[in-house]
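Visitor: Sequence first, then the predicted structure:
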Amino acid sequence: MKKCEHCSKPAVLHITELQDGSVEAHHLCESCAKEYLTQSSEPESVEVESSLSIDESDDSETAEAAPQEQPPCPNCGITFKEFRSLGRLGCAHDYSHFREELTRLIENIHSEVQHVGKVPKRQPDASRQQFDLIRLKLQLKEAIDEENYEKAAGLRDQIRQVELELRSSSPAT
């Protein structure tokens, strides 16, 4: 993420000006962008200013949709806002602490939260079954935590079936 040209805040507005054949790029934070736009008296600045007001309304909408500032991680003390600016989590516990926010972020970036990439050329069925087994065990744990024992029993049976298939398909040693 780029920083503002005038201060150390993250740049949220990127302005490209074309004047007499030369190109000037400006990277500004919100407050510096407002100053820059009010100082400029060129007609192009009116268009940029109107797009800034649209961006501001979008920011307020996303701020309303997003939950209020979540407390920092009890292990490392990092906040989600710090993670967004740094691009790195502080500890392994952050994945569970910021689960909702990370899920939304991953979904916005990739449109999915489950990996649907390439399958290994060797043993694609076995690796798929392993993946299904892990998924089913996680669902079983969630069902037990929710005290949904009927669902848990069905998942237990599915897990047994997948384990049997894995044992029968694996080469004898």
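Guide: Arrived safely. Numbering: from 1, shown residues only.
Visitor: residue boundaries of the helices in the protein?
Guide: 30-39, 43-65, 80-86, 94-97, 99-110, 124-145, 149-169 (DSSP state H).
Visitor: can you redo these as a markdown table with mean neighbour count?
Guide: Just so you know, the C-beta spots here come from the backbone N, C-alpha and C atoms, and that holds for glycine as well. A markdown table is the format used below for the helices of the chain (neighbours: other CB atoms under 10 Å):
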| stretch | mean neighbour count |
| --- | --- |
| helix 30-39 | 15 |
| helix 43-65 | 12 |
| helix 80-86 | 15 |
| helix 94-97 | 16 |
| helix 99-110 | 12 |
| helix 124-145 | 14 |
| helix 149-169 | 13 |
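Visitor: Distance to G21 for those - can I get that in TSV?
Guide: Putting these into TSV (distance: least, CB to CB, whole Å) gives the following:
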stretch	distance to G21
helix 30-39	22
helix 43-65	15
helix 80-86	36
helix 94-97	48
helix 99-110	37
helix 124-145	56
helix 149-169	66
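Visitor: and Q19, which of those is closest to it?
Guide: Distance to Q19, taken as CB to CB, is lowest for helix 43-65 among the helices of the chain, at 9.2 Å.
Visitor: For that closest one, give the mean pLDDT please.
Guide: Throughout helix 43-65, pLDDT has a mean value of 42.
Visitor: Also stretch 69-82?
Guide: For stretch 69-82, mean pLDDT is 86.
Visitor: so how many other residues sit close to E5?
Guide: The burial count assigned to E5 is 13, neighbours taken as other CB atoms under 10 Å.
Visitor: Can you pull the phi/psi pair for it?
Guide: The main-chain torsion angles of E5 are listed as degrees, to the nearest 10 and equal phi -70, psi -30.
Visitor: which residues touch it?
Guide: A11, H26, H27, L28, C32 (CB atoms under 8 Å, 6 or more residues apart in numbering).
Visitor: Now the buried members of these.
Guide: A11, H26, H27, L28, C32 (16 or more other CB atoms under 10 Å).
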